[in-house]
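Participant: this is a predicted model, with the sequence first.
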Amino acid sequence: MNEHGGLPAKDRPGRSAWLGPASLALGMLSWALPGGGAALAAAALVCGVVSMRTRGAYRIDGTAVAGSGVAVGQLVMSLLVVGATQER
């Protein structure tokens, strides 16, 4: 929520307005779907980074930060699981 009581996407112009919420949605979905979790997390991270790099007064979007954080957590967890299941 922003100071006007709406979602941050409401204040951003154009289609890039939904990159932050898409990042958060993909990041959360990556934890719910274990089969394609890493791919969804990578997509969430890309959406979040693109949203945060938007030029102008709307640079930092809280949903993009949250989505990127959730995505990084999923990617780290995926790497740990893959590393733990490797035969030695």
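Facilitator: Arrived safely, thanks for sending. Residues are numbered from 1 along each chain as shown.
Participant: looking at it, Pro21 is touching Gly62, isn't it?
Facilitator: No. Judged on CB atoms under 8 Å, Pro21 makes no contact with Gly62 at a distance of 10.2 Å. (Each C-beta comes from the backbone N, C-alpha and C, glycine too.)
Participant: can you give me phi and psi for Gly35?
Facilitator: Comment: the main-chain dihedrals of Gly35 come out as phi -60, psi -50, following degrees, to the nearest 10.
Participant: next, count neighbours for it.
Facilitator: Neighbour count of Gly35, defined by other CB atoms under 10 Å: 7.
Participant: and for the one 4 residues further on?
Facilitator: For Ala39, the neighbour count with other CB under 10 Å is 13.
Participant: how far off centre is the strand or helix carrying it?
Facilitator: Following DSSP states H and E, the helix or strand that holds Ala39 is helix 37-52. Distance, stretch centre to chain centre, for helix 37-52: 5 Å (CA atoms, centre = their mean, to the nearest Å).
Participant: same check on stretch 80-88?
Facilitator: Averaged C-alpha coordinates place stretch 80-88 at 25 Å from its chain's average position (CA atoms, centre = their mean).
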